[in-house]
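Chemist: Fold the following and give me the result.
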Amino acid sequence: MGIRLLKEPVLEKPDMVACWPGIGNIGALAVDTLRTQIGVEEFGDIEPWDFFYPRKVIIKAGVVTDMEFPGGRFYYKKGEGRDLIIFVAEEQPTDGGRMYAEGRKAYEMGGLVLDVAERFGCRRVYTSGAAVALTHHAARPRVWAVTTTESLLQDLKSCENTVLMSEIEGIGGGGSITGMNGLLLGMAGRRGFEAVCLMGEIPDYLSGIPFPFPRASKSVLEVLSRFLGLGINYEALDRMTAQVDGFIESICESLPPPMKERIGQRRIARQVRPEAITEEDAKWIKEHVDELFKKGDTGGERPS
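Modeler: Here you go, the predicted structure:
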């Protein structure tokens, strides 16, 4: 088990952006859009066999020649003002049968990612995920932010469309972020890194969707690119958002009238301040929306 480096790039105090898939693939889509646009170069990966089961075996002429595992790869980009390392994983490691990270494997993989951050002298670590919120799917998703250092609070507060998670009503100034994108934030803080987690809002009634929610990915990437000093073209995310919006609207049109009305009220009464999910809303979602999507939320980056 370990890190496999193809090369050792010479980097000067790079930032690291690390991400695993999660609810709505919000963070993963944002980071992958960043990766593809800035022209990164792969320089290593994490050996997968201690973390994942193989997806399939490769057979040629009746003989097994290889096994295919989910990947977790490191990329780098030397920039004019700031160097960058990106780690993108295809799955979250888990010791159990859940979709999201838990147990020994999660800590070990997080430790390996931070080993690379230390090896190359990273000054800051960013992660990203989803914030399940009482919002409407057509509204501009806010970005909930958490950091490991007080010195970054003012910078986060000054970002447009961003709210500190500690200021969300109903969670008493605290909360938790489950999954690897939250775990790495805590691990980075304990190892002395400045670290930030940026979470794009997704409506509670979409938290179990089996497809991406690119509207929130765009919100996350807008904040992340501001911190990194990078210009991003959002045309691809906008096209994807239009497609997903059309699909969601078609689903909402087919809802029973009480469900349709309740979701429609979110659009009319856009909340000035975001709030945590109430027990009443959670019960309604469980009873009705899971029937529609046929896929309940099994965990992940839900703040609570």
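Chemist: Asp66: neighbour count?
Modeler: As a burial measure, Asp66 scores 11 neighbours (other CB atoms under 10 Å). Any C-beta I mention is one placed from the backbone N, CA and C, and that applies to glycine too.
Chemist: Could you list the single helix or strand in this structure with the lowest mean pLDDT?
Modeler: Lowest on mean pLDDT, DSSP states H and E among the helices and strands of the chain sits helix 290-293, with a mean of 57.
Chemist: partner residues bridging Lys56?
Modeler: Note on Lys56: beta-bridge partners by DSSP bridges are Glu68.
Chemist: Verify the stated contact: it with Phe69.
Modeler: No: Lys56 is not in contact with Phe69 according to CB atoms under 8 Å; the separation is 9.5 Å.
Chemist: The two: which is more packed in?
Modeler: Neighbours per residue (other CB under 10 Å) separate Lys56 from Phe69, with Phe69 holding more: 17 against 9.
Chemist: tell me which element the closest residue to the more buried one other than its chain neighbours falls in.
Modeler: Distances taken as CB to CB, 6 or more residues apart in numbering place Pro48 nearest to Phe69, at 3.7 Å, with adjacent residues excluded. Assigned by DSSP states H and E, Pro48 falls within no helix or strand.
Chemist: Let me see the contact set for Pro48.
Modeler: Applying CB atoms under 8 Å, 6 or more residues apart in numbering to Pro48 gives the contacts Phe69, Pro70, Gly71, Gly72.
Chemist: filter those to the buried ones?
Modeler: Phe69, Pro70, Gly72 (16 or more other CB atoms under 10 Å).
Chemist: got those as a markdown table, with distance to Pro214 and pLDDT columns?
Modeler: Output for the buried ones among the contacts of Pro48, formatted as a markdown table (distance: CB to CB, whole Å; pLDDT from 0 to 100):
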| residue | distance to Pro214 | pLDDT |
| --- | --- | --- |
| Phe69 | 27 | 85 |
| Pro70 | 22 | 87 |
| Gly72 | 23 | 94 |
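Chemist: For Glu253, state which of the residues you listed is nearest.
Modeler: Among the buried ones among the contacts of Pro48, Pro70 lies closest to Glu253 (CB to CB), at 36.1 Å.
Chemist: Phe227 and Val220 touch, don't they?
Modeler: No: when contacts are counted by CB under 8 Å, Phe227 is not listed as touching Val220 (11.1 Å).
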